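model the structure of this input:
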Amino acid sequence: MILIADCGSTKIDWCLLNNGKVEKQVFTMGMNAVMLTEEEMRARIAAELMPELGELAGNISAVYFYGAGCISPEVCGNVAKAISHNISSAEGNVHVYTDLLAAARALCGRNPGIACILGTGANSCQYDGEKIVNNVSPLGFILGDEGSGAVLGKLFLGDVLKKQLPAAVCEKFLREYELDLLTIIRRVYKEPLPNRFLASVTPFLSANIDVPEIRAIVLGAFTAFFRRNILQYEGFATTPVNFVGSVAYYFRPVLEEAAAACGCSVGTILKSPMEGLIRFHA
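Alright, predicted model coming up:
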């Protein structure tokens, strides 16, 4: 048996494969490997994952863990040690990779291509079928992350507070989300994880995408994503651009319009990488 993990800050999707078929799928609380010590990760895995796996854990021969922030040998080593401590049968065969490689493997398999993440954050890469060969730094939602949920939320909230949208739209949003100026300012500038708060407004954008001003925000952000990231990859005009993430999934028509305006085409879109990772590892 092998265990695959798709780890985000909000949740971890664990999938146990037995001869290429799904034996069990478990969801646990997310963790940021950069922010947690090995001991803290070890304790979380022991408390949340191991009771769900039960006796099956002893049959696991390899673990493939993909997580945001897993980009340095030190961080990857801490994750591997935390997993090995709990799943001793896989010791020496625990592989830790970045979430961007998860997207590339899920979307492209063992074929070359351009793979992107478009969810709360944004990222992209050129993949040769085995490894990532080029990556335009996403830079986060303040300097970059064009097209991400966090940036869409930032642009939308700015327009709401500066009265750049129809009054009825602003009133409807503030009423539905129970927000006001001071609450928004506090959530963005004083409370932790402002990117998650900003991204939390994307369902409103999706539900009201027919409002011309909202559609213009989304289209502009997606266009910036292609221009500032994808157009730097060799062969972008002839290679379909593939996406994983909820923003790409729910806003596909607008994403395709932005791609066409930049001379690109959209290929596969997956809401979550696990479906593709199962195919890859099976």
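
SS state for G263?
coil (DSSP: H, G, I helix; E, B strand; the rest coil).

the chain: strands as residue ranges?
2-7, 11-18, 21-29, 62-67, 94-98, 113-118, 122-127, 132-134, 241-244, 266-270 (DSSP state E).

can you redo those strands as TSV with mean neighbour count?
C-beta here means a position set from N, CA and C on the backbone, and glycine is covered the same way. TSV is the format used below for those (neighbours: other Cβ atoms under 10 Å):
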stretch	mean neighbour count
strand 2-7	24
strand 11-18	19
strand 21-29	14
strand 62-67	23
strand 94-98	20
strand 113-118	26
strand 122-127	26
strand 132-134	14
strand 241-244	27
strand 266-270	18
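
could I get these as TSV with distance to L53 and mean pLDDT?
Shown next, in TSV, are the strands of the chain (distance: least, Cβ to Cβ, whole Å; pLDDT from 0 to 100):
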stretch	distance to L53	mean pLDDT
strand 2-7	8	94
strand 11-18	7	92
strand 21-29	7	91
strand 62-67	11	94
strand 94-98	15	94
strand 113-118	27	95
strand 122-127	30	95
strand 132-134	30	94
strand 241-244	25	96
strand 266-270	25	95
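
quick one, which of the ones you listed gets closest to L182.
Of all the strands of the chain, it is strand 122-127 that lies closest to L182, at 28.9 Å by Cβ to Cβ.

from the contact counts, what lies against the closest one?
Packed against strand 122-127 by the contact rule (3 or more Cβ pairs under 8 Å, 6 or more residues apart in numbering; DSSP states H and E) you find helix 99-108, strand 113-118, strand 132-134.

A115 is in contact with C108, correct?
Yes. Contact criterion Cβ atoms under 8 Å: C108 and A115 qualify, at 5.8 Å.

how about JSON lines for the helices and strands packed on strand 122-127, with distance to T37 added?
Formatted as JSON lines, the helices and strands packed on strand 122-127 follow (distance: least, Cβ to Cβ, whole Å):
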{"stretch": "helix 99-108", "distance to T37": "20"}
{"stretch": "strand 113-118", "distance to T37": "26"}
{"stretch": "strand 132-134", "distance to T37": "27"}
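
out of those, flag the one nearest C125.
C125 lies closest to strand 132-134 among the helices and strands packed on strand 122-127, at 4.5 Å (Cβ to Cβ).

how about the strands of the chain, which one is nearest D180?
Among these, the nearest to D180 by Cβ to Cβ is strand 122-127 (28.5 Å).

which residues in this structure form helices?
Secondary structure of the chain (DSSP state H): helices located at 38-44, 50-53, 73-86, 99-108, 140-143, 149-161, 167-177, 181-189, 194-199, 202-207, 212-228, 246-250, 252-261, 274-281.
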